[in-house]
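**Q** show me how the following folds:
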Amino acid sequence: MKRIIISILLMSVSAMAADSKVGYVDVQKAIQATGSGKKAKEQLDGEFKKRKDVLDKKKADIEKMGQDLEKKKSVLSEEVLGKKQMELQEEMMKFQKNVAENQQEIQKKEKDLVDPILEKMKKVIEKVAHDKGFSLVIEKNGQNVLFAQKEADLTEDVVSAYEKEK
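**A** Sure, this is the predicted structure:
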């Protein structure tokens with residue numbers, strides 16, 4: 001009896017699979033291809049460059065401080081040398097903290113810029129999939145989709161539909 005039920009279930013699943021169309025979308029590529037995505041990338045790149053320039057200057061200052069300390073090391077008393085080394089270490093720790101804070105702020109800014117695009121894209125993907133008769137659309141990324149027919153790629157269709165939605 002169990003074998004009959006399993007056979008019937010397998011035949012039903014096979015029949016459903018035969019009627020189903022599965023597609024995929026490279027969401028990251030689609031976001032980057034849209035006007036909104038390009039604008040968000042420009043904003044992020046500008047913000048990143050501005051912050052990087054400030055951090056690079058601070059890093060150079062700390063390196064110079066370390067070089068100066070190394071040059072003066074032989075003429076400084078143990079007490080003054082220890083104090084200067086502590087100051088240098090404190091500056092390095094502040095710098096590392098500042099780098100971490102900047103990374104978090106950039107990630108938050110990226111999320112704030114990309115989330116609205118992604119929400120709209122999800123609706124567009126649903127519409128494109130429905131219009132083209134797909135019953136399932138998965139996200140293509142390097143780890144999950146091992147093989148897919150080119151005909152199942154809806155990325156370009158989604159980008160075109162997204163741009164028309166403006």
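**Q** okay, and the helix or strand of this structure with the least pLDDT?
**A** Ranking every helix and strand in the chain by mean pLDDT, DSSP states H and E puts helix 2-19 at the bottom, with a mean of 52.
**Q** setting aside sequence neighbours, what's the nearest residue to D153?
**A** Y24 (6.1 Å; CB to CB, 6 or more residues apart in numbering). C-beta coordinates here come from the backbone N, C-alpha and C atoms, glycine included.
**Q** tally up the residues packed near that neighbour, please.
**A** Number of residues near Y24 (other CB atoms under 10 Å) recorded here: 20.
**Q** any idea which element V137 lies in?
**A** Assessed by DSSP states H and E, V137 sits inside strand 136-139.
**Q** the chain: helices as residue ranges?
**A** Secondary structure of the chain (DSSP state H): helices at 2-19, 27-33, 35-72, 78-132, 155-164.
**Q** a markdown table for the ones you listed, including distance to V145 and mean neighbour count?
**A** Shown next, in a markdown table, are these (distance: least, CB to CB, whole Å; neighbours: other CB atoms under 10 Å):
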| stretch | distance to V145 | mean neighbour count |
| --- | --- | --- |
| helix 2-19 | 17 | 9 |
| helix 27-33 | 12 | 18 |
| helix 35-72 | 21 | 13 |
| helix 78-132 | 15 | 13 |
| helix 155-164 | 12 | 18 |
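**Q** mean pLDDT lowest for which of these?
**A** If the helices of the chain are sorted by mean pLDDT, helix 2-19 sits at the bottom with a mean of 52.
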